[in-house]
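Asks: missing the sequence, but the structure's below:
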């Protein structure tokens, strides 16, 4: 019997990590293994998931791929990771794969047809998580003309409307769409957005309104889609007429880490990050900070100018208390100015060092 795998896609800040925490907290005895694919080797999402303090969620059950584009790491990392999970003495009951916000889902689905894993694991379903308020505000693909015009004016970006194309590729590959953060929308908005999304989906795909990823696990898992056998119905902007992937570069986005000193006022930090995100057109900021006098680590996550923050787990005995944020945006970010601005929000800014790496 094949082990089912669920692929979770979604743009930056849609709530994928929150959904995974919900799955772990309500696994109902399932042994769930996580494969996380985020920007570079920054490790922030893994740190947040590992800090969930959920019984049975062990660090060695979470595997992070080091490259931000899962379609480019299929042979080098993804397949060995899958084989490692399948060959464990106690293999998982279910595998959950969280792709990065910029990942194209179809190459990943296609990888499940590789002989090394085809007979042992199947794609139970592809779940696309949508940030409801962001979508309602017209972010990411609601106006392709405006996006095209904006991109045409930016010489640093190399091919047309990557945000809109990636967003639509994720929808077209989905077996279920979660319209997340629905509690921040009116009933009329949920109805209108659902109708708009359904126009982009293949037949039979449902849109489910959710908040904080709070959807019954039995709704999310057990779709039995066998998506790897259904590739022809999952159209993609990134294929040629024969259905093969286009070659594409990944120089449109970059990410870097800013290390901080302690932060005694998280609210002031948040206010400063909101202003920074607006001033520098930052797509995403995420990470955690050390708040003096608090025994728990403080998580900070933002998409655009919308931020959430919370204490997630206690600092471990002997663990280095640190503050570290990842900044993600389109190529051309003023890394030096952003790093300096963030550093000044801490109590005792560290020497300005930002580890930068363009997303591969």
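Replies: Sure thing, it's come through. Keep in mind that this is a model prediction, so the values were computed, not measured. Numbering: from 1, shown residues only.

Asks: where are the low-confidence patches of the chain?
Replies: 12, 37-77, 100-103, 140-162, 238-253, 303, 348-360 (pLDDT under 70).

Asks: As a quick check, tell me the outermost residue of it.
Replies: residue 293 (31.2 Å; Cα atoms, centre = their mean).

Asks: secondary structure class for that one?
Replies: coil (DSSP: H, G, I helix; E, B strand; the rest coil).

Asks: any idea how far the residue nearest to residue 209 when sequence neighbours are not counted is from residue 24?
Replies: In space, and not counting its chain neighbours, residue 209 is closest to residue 182: 3.9 Å by Cβ to Cβ, 6 or more residues apart in numbering. Placement of C-beta: from N, CA and C, glycine included. Distance check for residue 182 against residue 24: by Cβ to Cβ, to the nearest Å, it reads 22 Å.

Asks: likewise residue 218?
Replies: For residue 218, the distance to residue 24 equals 15 Å [Cβ to Cβ].

Asks: Next: residue 208.
Replies: 19 Å.

Asks: And residue 226, by the same measure?
Replies: As it turns out, when the distance is counted by Cβ to Cβ, residue 226 lies 24 Å from residue 24.

Asks: Tell me which of these two has more neighbours.
Replies: residue 24 (21 against 15; other Cβ atoms under 10 Å).

Asks: So what's the gap between whichever strand or helix holds the more buried one and the chain middle?
Replies: Secondary structure assignment for residue 24, by DSSP states H and E: helix 16-25. Put simply, helix 16-25 sits 12 Å off its chain's centre (Cα atoms, centre = their mean, to the nearest Å).

Asks: what does stretch 187-200 give?
Replies: Going by Cα atoms, centre = their mean, where stretch 187-200 is centred and where its chain is centred differ by 22 Å.

Asks: again, but for stretch 305-322
Replies: The answer for stretch 305-322 is 19 Å, by Cα atoms, centre = their mean.

Asks: Buried residues of that stretch, list them for me.
Replies: By neighbour count on 16 or more other Cβ atoms under 10 Å, the buried set for stretch 305-322 is 306, 307, 309, 312, 313, 322.

Asks: so can I have TSV of the residues you listed showing distance to residue 128?
Replies: Shown next, in TSV, are the buried residues of stretch 305-322 (distance: Cβ to Cβ, whole Å):
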residue	distance to residue 128
306	19
307	23
309	26
312	25
313	29
322	33
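
Asks: What are the structural domain limits within the protein?
Replies: 3-233, 253-358 (automatic domain parsing).

Asks: can you map out the strands along this structure?
Replies: Here the chain has its strands, by DSSP state E, at 3-10, 32-37, 62-65, 94-98, 121-131, 176-180, 206-209, 253-260, 284-289, 296-303, 306-314, 323-330, 354-358.

Asks: Those strands: which one's closest to residue 339?
Replies: strand 354-358 (4.1 Å; Cβ to Cβ).

Asks: Next, format the strands of the chain as TSV and append distance to residue 82.
Replies: Shown next, in TSV, are the strands of the chain (distance: least, Cβ to Cβ, whole Å):
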stretch	distance to residue 82
strand 3-10	8
strand 32-37	8
strand 62-65	9
strand 94-98	8
strand 121-131	7
strand 176-180	22
strand 206-209	27
strand 253-260	25
strand 284-289	26
strand 296-303	28
strand 306-314	28
strand 323-330	26
strand 354-358	25
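
Asks: For residue 106, find the nearest of those.
Replies: strand 121-131 (9.3 Å).

Asks: Parallel or antiparallel, which strands does that closest one pair with?
Replies: Strand pairing for strand 121-131, using DSSP bridges, gives strand 3-10 (parallel), strand 176-180 (parallel).

Asks: I'd like the ones you listed written out as TSV, with mean neighbour count and distance to residue 191 added.
Replies: Listed next are the strands paired with strand 121-131 as TSV, based on neighbours: other Cβ atoms under 10 Å; distance: least, Cβ to Cβ, whole Å:
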stretch	mean neighbour count	distance to residue 191
strand 3-10	25	21
strand 176-180	26	10
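
Asks: Those: which one's closest to residue 213?
Replies: Of all those, strand 176-180 comes closest under Cβ to Cβ, at 6.4 Å.

Asks: show me the biggest helix of this structure in terms of residues.
Replies: helix 266-280 (DSSP state H).

Asks: That helix - contacts with which helices or strands?
Replies: strand 284-289, strand 296-303, strand 306-314, helix 335-343 (3 or more Cβ pairs under 8 Å, 6 or more residues apart in numbering; DSSP states H and E).

Asks: Residue 270 is nearest to which of the ones you listed?
Replies: Of all these, strand 306-314 comes closest under Cβ to Cβ, at 5.1 Å.

Asks: Partner strands of that closest one, with direction?
Replies: strand 296-303 (antiparallel).

Asks: tell me which residues in the strand it pairs with are buried?
Replies: Buried residues in strand 296-303 (16+ other Cβ under 10 Å): 297, 298, 299, 300, 301, 302, 303.

Asks: and if you look at stretch 279-293?
Replies: Those would be 282, 283, 284, 285, 286, 287, 288, 289, 290, 291, for stretch 279-293 by 16+ other Cβ under 10 Å.

Asks: Could you export those residues as TSV, including distance to residue 165?
Replies: Shown next, in TSV, are these (distance: Cβ to Cβ, whole Å):
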residue	distance to residue 165
282	21
283	16
284	18
285	24
286	23
287	28
288	32
289	34
290	39
291	40
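
Asks: Nearest to residue 262 among these?
Replies: residue 290 (4.9 Å).

Asks: Which residue, other than its chain neighbours, is closest to that closest one?
Replies: Closest to residue 290 by Cβ to Cβ, 6+ apart is residue 321, at 4.3 Å.
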